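S.K.: The following comprises the amino acid sequence and a computationally predicted model.
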Number of protein chains: 2
Amino acid sequence: MNFVYEFSQGSKEQTALLGGKGANLAEMTALGLPVPNGFTLTTEACIDYLAGKDSLQEELKNDIQNHIKALEKKTNKGFGSTSQPLLVSVRSGSKFSMPGMMDTILNLGLNDETVKALADKTANGRFAYDCYRRLLQMFGDVVCGIDKSRFEDQLTFYKNKRNYQEDTEMKEEDWHYLVDVYKGIYQEVLHRPFPQNPVEQLFQAVEAVFRSWNNKRAVTYRRLHQIPDDLGTAVNIQEMVFGNAGFESGTGVAFTRNPSTGEKGIFGEFLLNAQGEDVVAGIRTPQPIAGLKQSMPEVYQEFERISSSLEAHYKDMQDIEFTIEDQRLYILQTRNGKRTAKASFKICIDMVAEGILSRKEALQRITPSMVTQLLHPVFDPAELAAAVSIAKGLPASPGAASGAIYFTAESAKAATLRGEKVILVRQETSPEDIEGMVVSEGIVTSRGGMTSHAAVVARGMGVCCVAGCETLQVDEFLEQIICGEHVFKAGDILSVDGTTGQLYRGTISKREGNEQELLQEVLGWGKEINELKVFANAETPEDIKTALNLGADGIGLARTEHMFFGEERISEMRKMILAKDKRGLKEPLEKLKTYQKQDFKEIFQLMEGRPCTVRLLDPPLHEFLPRTGKEIEELAAATGRMPAQIRKRMDELEEQNPMLGHRGCRLAVSLPEIYEMQVKAIVETALAVNREQDFTTIPEIMIPLISTKEEMALLREHLDQVIQEVLNSEALEYKIGTMIETPRACLIADGIAEYADFFSFGTNDLTQLTFGFSRDDSGKFLGEYIEQDLLKADPFQHLDEEGVGQLIEMAVANIHKTSKGSKIGVCGEVGGDPQSIRFLRKLPIDYVSCSPYRIPAAILTIAQESKFE
Amino acid sequence: MNFVYEFSQGSKEQTALLGGKGANLAEMTALGLPVPNGFTLTTEACIDYLAGKDSLQEELKNDIQNHIKALEKKTNKGFGSTSQPLLVSVRSGSKFSMPGMMDTILNLGLNDETVKALADKTANGRFAYDCYRRLLQMFGDVVCGIDKSRFEDQLTFYKNKRNYQEDTEMKEEDWHYLVDVYKGIYQEVLHRPFPQNPVEQLFQAVEAVFRSWNNKRAVTYRRLHQIPDDLGTAVNIQEMVFGNAGFESGTGVAFTRNPSTGEKGIFGEFLLNAQGEDVVAGIRTPQPIAGLKQSMPEVYQEFERISSSLEAHYKDMQDIEFTIEDQRLYILQTRNGKRTAKASFKICIDMVAEGILSRKEALQRITPSMVTQLLHPVFDPAELAAAVSIAKGLPASPGAASGAIYFTAESAKAATLRGEKVILVRQETSPEDIEGMVVSEGIVTSRGGMTSHAAVVARGMGVCCVAGCETLQVDEFLEQIICGEHVFKAGDILSVDGTTGQLYRGTISKREGNEQELLQEVLGWGKEINELKVFANAETPEDIKTALNLGADGIGLARTEHMFFGEERISEMRKMILAKDKRGLKEPLEKLKTYQKQDFKEIFQLMEGRPCTVRLLDPPLHEFLPRTGKEIEELAAATGRMPAQIRKRMDELEEQNPMLGHRGCRLAVSLPEIYEMQVKAIVETALAVNREQDFTTIPEIMIPLISTKEEMALLREHLDQVIQEVLNSEALEYKIGTMIETPRACLIADGIAEYADFFSFGTNDLTQLTFGFSRDDSGKFLGEYIEQDLLKADPFQHLDEEGVGQLIEMAVANIHKTSKGSKIGVCGEVGGDPQSIRFLRKLPIDYVSCSPYRIPAAILTIAQESKFE
C-alpha cells in the first residue's frame, strides 16, 4: 500500500485518502499554481499507525525519507543542510475539517546549525532566530506536550526585563538568548534535549499528528458532528516559505467574494513581514487586501488571476491562504469559504448569472437552515458571545427576540399597548393564550416538546419560541420565574434565541434576517422543477399572506377550530356545548356560522382559486370550556345557568386521555349539527365568492380522525346531502376527503378510499398512536431516548421512517388499490421537514403542507431532490 | 319450480326450503312416525309471492288444490265435505324460529255446513261448535286483522250474562249463539261475511302467513338477531287431529330429558280433552306426563318409544308436541329442546356415556355463554320478572348479587365487617379501590367501558359488575346515587345483574351457578384435543387457584403493579418516587423487593413449574401518588417533606394523556432501578423455590410497551447482566420477552425478535392505539358507533380483525422472519373471547391468556374449533 503521495500525484476528489487540505494542495499543484512543494502521508498511514500503536513502521520511515530526498532535489535545498537548509511545515488534514486535532508545526528542520545557515542566507539573523524559537515553542507544545505557558512566561519575563512592549522590539541577540532558555525548558521538563536531527523532528511531529486523531477534544468533536472514528487524518509536509522574510514579504487570507454579503470581489487581509499565525493571532492588525494592490501591484494582479481561476475551478467562493516571499506569491491553501446565509444566496444567484453554476447546481448549495436564517432575525454574534445564558430549552421556533416577560395573555396584551416588547412565559400554552402569543416577540414554556401547542403555533406565526425549558420554574400565580438562584419577575427583560433554545438575561441587539428578494429568486428556480406541491397549514389572513409570499401553492390545512377562540365566538361555542337539547343548538350554531362565513370569505378571496383544504372541527368539546372559576361564573351569567350546572357538564366532558377521546369525526357521529353548520358555511361562501370573482373556488372539505370505512361512508353521505340542499340548483365543484391519523386508517385505507376524494396524513397524531407517545408528555423522556440512541431523532420532528413511514407507505398502496388518482398529501409537522420530505416524496405523494415559515425549506428540499432523478 | 312438498318428500336437512317445522314434519314422516298427513308450501313460494305482491299465482293455487285432493284421498275425508269433512291446520315455519310472525290457524275447513257434519260424526255438537268459534276467532284475528278483543269481549259478556265462570261451562247451544255473534262481527268490521268456502279460507290463510314475514315485529326480530330478510317463511298445511274430541283424547308437550337438570327421562305435561293452545294458555292446569302412563298406558308406551327414537335420530334432547285423538297418538312437532346451561352439560355428558354423541360432537353443543352461566349465579327468573329495573349499564362481569350500596372502599369494608353484603358504587374505580372491590358482592360504575378498571378487575375476581351506567349520577361526596327521580343513599339495597347489565331495586333471590364438576368433565375433553394453550391473567393466590381449578395451563400475565397497592407497599412506592437522587431510591426499593419476593414465592409455589410470565412495572408513576389532601399530608409526615414539595412532584409527574406517557419500558429507560429490583426479586425467588421443591420454575420476564428494537436491546442486555450477577454460579433457566402493545412494535417485530424470547400481544393497548380510542373515554361514543353500524362490536371485547387483527398478523409474520420458534401469545381482554380466539388461533399463536373466569370458555372454543381441521 502506498502511504505517501506527492502533491503532484493527487486530486481534489481524494479527500478521504489525502484529507481536505492535502487534496486541495494536490489539485492546485495540478492546476500549475505556485504551491510550495511537498507531499502527503495518507489517512491510511494514520489508520495503520493507530492500529500498530507505539511507533512508526520502518517502511513508512523509509518512504518519508525518500520523499524528503525528492523534495531536496526539487527545492535545491538540503534537510539539515548548513548552506541551503530545507525547512518544512507539518499540518494535519482529515476528510472533514476538525478543530481539536493537532494543527500545524512551522519551521521544522531548524536546529542550532541550520539556524545559522538561514541567518546567513537571508542576511537576517533576527528572522532566523525568531523562526527557531517559534519551532521550539510549537514543537514543545504540540509534539512534546510541554505547557505552552512555560515558553510564553519566559518571553513575557524577558520583555519586562528589557522593558519591551512588543515582540517586534526584540533584537537578534534577544532571540538568541531566548532560544537558549527554551532549549533549557526541554531539558528541565523532558530530561532530554530538543532533537537536533531534522529527520527525528519530522518523525516525532508525524507521530504527534497521528496520535492527535484520538485526543479527547477530537473524539468529542466527532461524536457531536457524527463523524466516524475510523477515518484517520492525513499529514501534509511542505516546504516552508517565509512571509516574515522582510518587507518584500507578507502573508494573508482572502475570500473571492464577500462572505457576509456575497458581493463579488476579493475580500481579505494581509500583513507584510509576517508569518500566517500573526494574521490569525491578532497581535498585529492586518491591512485590507486593497493595500497589497498598492504595495505590490504585480503580486496582487497575479493573486487576482489565481483567485478567479480557483473559484471557476471549484465552482464556489474560495477562502485562500497565501504567502509572499521576496515578491514571490505562494498559495498555501484553498477551500470553499464559510459564509452567511445571505451571502450564500447572493453568491448562488450571481454564479448562475455568471454562468459558473447551473440553477440545479446552485440549488444544491442552499441548505434548509440557510433558508431559516434568511427569514428569521439572529442576535448580533459579538453581543451574543458576551451574553449571560440562564437556561436552555428546545429550539422550538427559530428567530431571536428581546423583551419584557409577562405571564398571561392579558398582561402581555396590556404591556404591548403600553409600547413594550413582550416575551410571553407560560408553563405551557393553550388555545386560550393565542391573543397573548400574537402580540409577543417571543414565547417561552417550561413544559412541552417540539410539537407542543406553543411550538406549533409559534412556528406558524414565525414568532421565536423556546419550549420545554424544564429548568425554569414558572409560577403563573406569583408571576415569576425561578431559575436556579435567579428570580425574574413580570417586566424583567430576557432574550430568547429560538434557533438555539438559549435564554439570556437582558437585551441583545438583533440583525434582521428578512431577505425576501434573494429567497424568492432561488425558490423561483426550485418551483420550476418541483414535482411535489408545497401547501401551507394556515387559516388566518396573516398566515395565508405569509404563506403565499413564501411560495405556497395552496392551503393544505385550514384548522377551523382555531377560529372559535375569539372572545365572541368562544362564548357561542360554549352556549352550544351547554345546550340542553338539539333545539338549543340552533341559535349558537347560526351565530357561529356567520363568523365562519366571514373567515372562509377572507380565505377564499386570498386564495384566488388555489387549492384550499378546510378541516372540520377536530378537538374535543371540553377544550372550549372555561377553565377558571371566574370564567365559569361569567358563562353562567351569560347563559342563565347555575355555575354548578356548568361544572357538571364540564365533568361529563372531562377525559382521561383526550387525545384518544371524543373528538374529530367521532364528534360528528354524535353531534352532526356542527359539521353541517361548517359545511354549509363553506359552500355558501364559496358560491358567493365565485359569483363575485373571476376565479373559481373549489373547496376541499377534510374530515379528521377517521378510523373506519363506515365513518367515512356515513359522514360523506350526510355531508353530500347537506351540500346538495345548499346548492339547490347552483353548480359548485367540491371535494370531500379525510385525514389519515390513526394506524387503523392506514391499514384499511382501501376501504376509506371508496368514499374519499383526497387524503392528508396527519403525521403528528399518527406518530403519537404508532409509538404510543403523547406529544404533550413525551418531552419528559424523548431527550433521554435520543441520548441513549434508542431513537435516531424526535419522531415528531423527523418522520420515523421505519414505523410511521412503513404505515404511510402501506396506506398509500392501499389507497391506490381502490383509486389510482386520489390526491395524497402530508400535513403534519414533518411536512415541513427536509429529511422527512426526502422520504415522503418517493412513496409517492402529491403535496406536503407545513406552517408558512417552513415552506421555503420544503420547496428547496424538493427541488434539490428532483435534480438527482 | 316446485313450490309444494308433501311431508313424505322432504327431510330434516331442508330447513331453508321447508322451514324448521316443515323439515321436521317431513323427517318424522319418513321415519314412519304417526304424523298427521299434510304438505308444505316452500319458502321459495313465499319469496315468489312477496316479489309479485298482491295475490297468489293461479299456478300455486292449482298446486295447493291438487295437494288438498291428494290429502282427501289419503285421509278418506273431503275438504268441505258434509259427511267426512277434512279440517286442516295452517302454520308458518321459517328456517329460524321467529316469534312475531303469524303462527297458527286451526280447524280450517269448518263452515256452517261442515260444522254440522263434524258434530254428527263425533256425536259431540259442543266440541264441533267450539272448534268453529275458535276458527272464526283465529281467522278473524290473524287473517282479517280484526282485533282479538272484539271476539273475547263478546265471550266474556255472554258468560257474565249466563253467570258462567269457566269456558267449560259453555254448552253446545251457547257456542251456537256465539258463532252467530262472531259471524256478525265479520259483517260489521269487514262488510263481508266469513268465507264459507274452505278453499277460499285456505288461500286467504296462506297469503296471511306469507305477508306476516314482513310485519313489523318480524322485521324487528330479524334485525335484532341478524337474520337475513330474504329467507321467507314456509307454510305447513296439515290434517287436524283433535285432542279435544273427548276424554279418550288429549294433547301435551314433553321433553325427552329434564330441561332444567338434564336428568334422563320423559319430562312433560298433558291435558285430556284439550287442544294444544289450552296447554300453553294456562287456562287449565296440565297434569305431569306420568298421569298419561296411568290413564292410557299403551299410548304412553308408544310415546316413550317414539321419544327415544327421535332423540337417537336427532342426537339431541327433543321437545315434542303430541295429540291423542280417540286413543290414537299423533306427533305434531319435534325440535331440539331449550334447556338450562346445567342441563346442557349434563345431557352432553350422559349422551357421550350412552354412545349417542362423540366427545367432539358433544363439545359443539356447549356455548361459551353456557359456561359463563354455569360458573356464575343468576337471579331467580320468577323474581326477576317482577323486579323493578332502575337502570342499565354495560354487562361488564357476569353474575348476580344483591346488597347494600356503599361509595368508598373504606365504608364498603366497614359494612362487610358489620356483616352486610355490599355493592360498591363508584363513578369509576382505580387501583386504590381494590380493597373495597375485594369485599363487595357486586360493583357498579357510572363511567368506563367493558375494559375499564372496574370491569377488568371484577372479571378477574369473578365478581359481578355493571360498568358505565351513565344514567346514574353517582355523588361520592354526598354518598348517594340520583337516578331519574330516585335517590339511593349509602346502605340502600340494590341488585346487580352483571350478565345483562341491569340494576334493580331491592333484593332478588339467586340460584348458585357453580357447577364445577360438570364443567371439569366437559373441559377435560376439550383439553385433550387443544392445540392452543390457555393461560391466566392472574397474580393473587386466590386468582391463581381459581385459574388452575378452571383449567389454566399457566400464567400468561402476572401484573406486578397490582402488588404495589397494599398499604405498606404503596408507602414505599411513594418514598421511591419522591427520592431526591439515586441514593434515595435504595432503601424503599430494598423494602419493595422484600415484598415482591413474598409475592413471587407464593406464585411460583402455586404454579409448580408451570409456565409463568411476570410483567414488570407498567403504569406511570403518578398512579401511585396520593390523591387527597389528607393523604398528601400523611405522606409528607412519613417522608419528612413539605406537602408543597409533594405537590410539586405530583405536578411534575402529571400527564395530559397518561396512556401515551411515561410508563412501561420507558420508565425503565430513565429509572432502571425499578426493573433491576423486580428482576432480582424474581430470580432470587426462583432460585430459592427451585432449591426447596422438586419442580423447576423457569421464570418468564416480560417487558411492557416496547416500541423500538433499541429499547428491547438495551433492556434485555441490562437485565441479562443483572441476572448474571444474581446467579453468580448457580444455574437457572429464564426467558425475557415483551408485550406487543404499540402499532410500531407490530411493524418492526422482526427487529424486536432479535432480543426477545417470547411475545404477548396486549390487545387492550394495541386496540387503543390502532383506533385512537381511549378505553376510559370511548364509552361515551362506542355505544353510538355500534348502534349506527360504524363498528360491528366493541373492539375491546371482540378483536377488530380488520385493523388490529391485521397488525397482529403482520407482527406474527415479522417475528417468524427472525425466529420461527418464539412463543407467541395474546393476553389482552380478547384472549378470553371466543370470537377473537377463533381468529387468533389461525395466525397461528401458541397461547391465549385471560382472566380466570374466562378460561373455561376459551378452552371450550379452542376445542370446538380444533374439530373442524
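M.R.: Thanks, I have the structure now.
S.K.: contacts and neighbour counts: CA atoms only from here.
M.R.: Will do.
S.K.: what's the burial count for whatever residue of the stretch 151-300 of chain A ends up closest to chain B?
M.R.: Of all residues in the stretch 151-300 of chain A, A:Gln226 sits closest to chain B, at 18.7 Å by C-alpha to the nearest C-alpha. By other C-alpha atoms under 10 Å in any protein chain shown, 9 other residues sit near A:Gln226.
S.K.: Quick one: classify it as helix, strand or coil.
M.R.: Put simply, A:Gln226 is coil when judged by DSSP: H, G, I helix; E, B strand; the rest coil.
S.K.: Just the pLDDT at it, thanks.
M.R.: At A:Gln226, the model reports a pLDDT of 78.
S.K.: Give me the phi and psi for the residue of the stretch 301-450 of chain A found nearest chain B.
M.R.: Using C-alpha to the nearest C-alpha, A:Arg447 is the residue of the stretch 301-450 of chain A that sits closest to chain B, at 9.5 Å. Backbone torsions of A:Arg447, given as degrees, to the nearest 10, read phi -130, psi 160.
S.K.: Please name the nearest non-neighbouring residue to it.
M.R.: A:Gly468 (3.9 Å; C-alpha to C-alpha, 6 or more residues apart in numbering or on different chains).
S.K.: Next up, the contacts around the one you found.
M.R.: By C-alpha atoms under 8 Å, 6 or more residues apart in numbering or on different chains, the residues touching A:Gly468 are A:393-394, A:444-449, A:779.
S.K.: One more: A:Ile748?
M.R.: A:Ile748 sits in contact with A:708-709, A:811, A:814, B:802-803, where contact means C-alpha under 8 Å, 6+ apart.
S.K.: Surely A:Glu730 is in a helix?
M.R.: No. Under the criterion used here (three-state DSSP), A:Glu730 is coil, not part of a helix.
S.K.: Check what pLDDT it gets.
M.R.: Model confidence at A:Glu730 (pLDDT) stands at 93.
S.K.: Around it, how many other residues sit close by?
M.R.: Neighbour count for A:Glu730, taken as other C-alpha under 10 Å: 8.
S.K.: how near is it to A:Glu608?
M.R.: 20 Å (C-alpha to C-alpha, to the nearest Å).
S.K.: dump the residue contacts of the residue lying closest to A:Phe488 once chain neighbours are set aside.
M.R.: Closest residue to A:Phe488 apart from its sequence neighbours, by C-alpha to C-alpha, 6+ apart: A:Ile481 at 5.1 Å. By C-alpha under 8 Å, 6+ apart, the contact set of A:Ile481 is A:472-475, A:487-489.
S.K.: could these be laid out in CSV, adding secondary structure, neighbour count and distance to A:Thr15?
M.R.: Converted to CSV, the contacts of A:Ile481 look like this (DSSP: H, G, I helix; E, B strand; the rest coil; neighbours: other C-alpha atoms under 10 Å in any protein chain shown; distance: C-alpha to C-alpha, whole Å):
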residue, secondary structure, neighbour count, distance to A:Thr15
A:Leu472, coil, 23, 46
A:Gln473, strand, 18, 49
A:Val474, strand, 24, 51
A:Asp475, strand, 15, 54
A:Val487, strand, 12, 52
A:Phe488, strand, 16, 51
A:Lys489, strand, 17, 54
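S.K.: Break chain A down into its structural domains.
M.R.: A:4-242, A:243-339, A:376-512, A:530-619+A:659-865, A:621-654 (automatic domain parsing).
S.K.: quick one: which of these is nearest B:Tyr49?
M.R.: Smallest distance to B:Tyr49 across the domains of chain A (C-alpha to C-alpha): 33.9 Å, for domain A:530-619+A:659-865.
S.K.: Could you look up the SS state of A:Leu843?
M.R.: coil.
S.K.: Once you drop chain neighbours, what's closest to it?
M.R.: In space, A:Leu843 is closest to A:Glu809, 6.1 Å off (C-alpha to C-alpha, 6+ apart).
S.K.: For chain A, give me the ranges with low pLDDT.
M.R.: Applying pLDDT under 70 to chain A picks out residues A:53, A:99-100, A:102, A:277-284, A:451, A:512-514, A:530, A:867-869.
S.K.: how about the longest helix anywhere in chain A: buried residues?
M.R.: In chain A, taking DSSP state H as the definition, the longest helix is helix A:582-607. By neighbour count on 16 or more other C-alpha atoms under 10 Å in any protein chain shown, the buried set for helix A:582-607 is A:585, A:588-589, A:592-593, A:595-597, A:599-605, A:607.
S.K.: give the contact list for the residue of the stretch 301-450 of chain A closest to chain B.
M.R.: By C-alpha under 8 Å, 6+ apart, the contact set of A:Arg447 is A:427-428, A:467-470, A:779.
S.K.: Kindly report the same for A:Thr639.
M.R.: A:Thr639 neighbours (C-alpha under 8 Å, 6+ apart): A:Lys575.
S.K.: Quick check on it: phi, psi?
M.R.: Torsion angles, degrees, to the nearest 10, at A:Thr639: phi -110, psi 0.
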